[in-house]
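Asks: What follows is a predicted structure for the sequence shown.
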Amino acid sequence: MGVVNVTPDSFSDGGEFLDARAAVARAGALVAEGADILDVGGESTRPGAEPVTLAEELRRVMPVLEAIAASSLPHKRSPAVSIDTVKAPVARAAIAAGVSIVNDVSALRADPHMAGLVAEHGVRCCLMHMLGEPRTMQREPRYGDVVDDVKAFLEERLRFAVDAGVPEENVLLDPGIGFGKTVEHNLALLDRLDELAALGRPVVIGTSRKSFIGWLLARAVGEREPVPASERLAGTIATNVLALERGASIFRVHDVAPVRGALEIAAATLGARCRKTFRRSPRS
Ligand code: HH2
């Protein structure tokens with residue numbers, strides 16, 4: 001899953017693809033690099049981010065989704081498109097423009113109309129764990145056992161979605177790396193990702209360029225500041241390979257080519273152990 005951030009303030013690429021043409025070019029490049037899914041978002045969820053209005057979010061993402069749907073992508077492979085939003089009206093407009101996955105980082109909690117919308121249109125949805133909300137989530141997050149707590153949350157949200165009429169097979173689950181989590185919380189979730197995969201739904205993992213990687217690299221060399229996002233590719237690759245081994249099947253990343261390459265080799269090495277989870281989308 002390649003990330004297309006149409007935002008001025010995303011933590012690693014804010015402002016780079018705010019212009020619709022730049023975002024569409026970015027989408028094309030990600031598909032050429034091997035993305036099976038494009039995740040388009042118009043609202044940053046980085047720690048401390050302020051919410052954006054409905055009108056502004058629509059203004060950012062719709063031209064990009066429409067251009068992708070019109071197949072102006074300079075590549076033959078046709079990706080699935082997901083919309084990274086917590087707002088039902090944005091999801092509704094995105095679905096009308098051909099989006100088939102709603103990536104809701106609030107796991108259907110932010111907008112009371114989201115679950116019904118996903119059910120009504122028969123699209124897939126990604127339910128992600130987040131403690132609190134982006135503005136405040138990194139202020140001393142606490143858990144009993146982070147993996148048990150996240151697992152219980154995802155189980156409850158899966159049940160909620162199914163009760164709202166979303167077929168279970170349309171649900172993807174995501175532990176929400178970096179969303180109200182310390183470095184140690186993120187590491188525990190990655191280490192025990194198999195416990196979340198045991199819920200029986202595909203696991204989405206989003207470690208790409210995230211700050212825990214920057215902090216771990218800084219710690220390793222005795223620095224006091226996290227290494228910048230531009231220097232977190234090695235950590236992104238390592239964590240995605242590990243997540244594959246622990247049962248993840250969708251890898252949300254900014255740098256598709258190197259991560260895909262690493263995953264191909266890791267999948268070949270692991271063979272039958274991950275054949276079920278690592279496969280290209282049916283469309284490619
Ligand atoms: N991470 C981000 C945004 N959306 N969705 C899912 N399902 N899982 C994630 O881990 C996830 C997500 C944050 O990354 P990014 O989009 O690059 O940054 P920003 O939120 O600042 O735009």
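Replies: Looks like it came in fine. The model shown is predicted, which means the values in this text are computed figures rather than measured ones. Numbering: from 1, shown residues only.

Asks: From what I see, residue 24 and residue 65 are in contact.
Replies: No - judged on CB atoms under 8 Å, residue 24 makes no contact with residue 65 at a distance of 9.6 Å. Using the backbone N, CA and C atoms, a C-beta is placed for each residue, glycine as well.

Asks: neighbour count winner among those two?
Replies: residue 65 (29 against 24; other CB atoms under 10 Å).

Asks: Surely that one and residue 98 touch.
Replies: Yes - the criterion here is CB under 8 Å, and residue 65 meets it with residue 98 at 7.0 Å.

Asks: residues shared between the contacts of those two?
Replies: The contact sets of residue 65 and residue 98 overlap at residue 81 (CB atoms under 8 Å, 6 or more residues apart in numbering).

Asks: nearest residue to residue 165 other than its sequence neighbours?
Replies: Once flanking residues are discounted, residue 165 sits nearest to residue 119: 3.4 Å by CB to CB, 6 or more residues apart in numbering.

Asks: State whether residue 38 is indeed within a strand.
Replies: Yes - Residue 38 forms part of a strand when assessed by DSSP: H, G, I helix; E, B strand; the rest coil.

Asks: give the contact list for it.
Replies: With CB under 8 Å, 6+ apart, residue 38 has these contacts: 1-2, 4, 27, 30-31, 68, 79-82.

Asks: Distance of it relative to residue 105?
Replies: Remark: distance between residue 38 and residue 105 (CB to CB, to the nearest Å) = 17 Å.

Asks: still on that earlier bit, narrow the contacts of residue 38 to those in strands?
Replies: Of those, the ones assigned to strands by DSSP state E are 2, 4, 80-82.

Asks: Now do the contacts for the closest residue to the ligand within the stretch 151-284 of the chain.
Replies: Nearest residue of the stretch 151-284 of the chain to the ligand: residue 206, at 2.1 Å (CB to the nearest ligand atom). Going by CB under 8 Å, 6+ apart, residue 206 touches 174, 176-178, 252-253.

Asks: Can you read off the pLDDT for it?
Replies: If you check residue 206, the pLDDT there is 98.

Asks: Any regions of this protein where pLDDT drops low?
Replies: Applying pLDDT under 70 to the chain flags residues 71-77, 275-276, 279-284.

Asks: residues of the host helix or strand of residue 242 that come out buried?
Replies: Per DSSP states H and E, residue 242 falls inside helix 233-245. The neighbour-count check on helix 233-245 (16 or more other CB atoms under 10 Å) flags 233, 235-237, 239-245 as buried.

Asks: ok, now stretch 198-215?
Replies: Buried-residue list, stretch 198-215, by 16+ other CB under 10 Å: 201-215.

Asks: and which of the residues you listed is nearest to residue 228?
Replies: Of all the buried residues of stretch 198-215, residue 214 has the smallest distance to residue 228: 6.9 Å, by CB to CB.

Asks: Am I right that the closest one sits in a helix?
Replies: Yes - membership of residue 214 in a helix is supported by three-state DSSP.

Asks: Chain neighbours aside, what residue packs nearest to it?
Replies: residue 226 (3.0 Å).

Asks: cool, residue 251 as well?
Replies: In space, residue 251 is closest to residue 240, 4.9 Å off (CB to CB, 6+ apart).

Asks: That neighbour is in contact with residue 260, isn't it?
Replies: No - under the criterion of CB under 8 Å, residue 240 is not in contact with residue 260, lying 9.4 Å apart.
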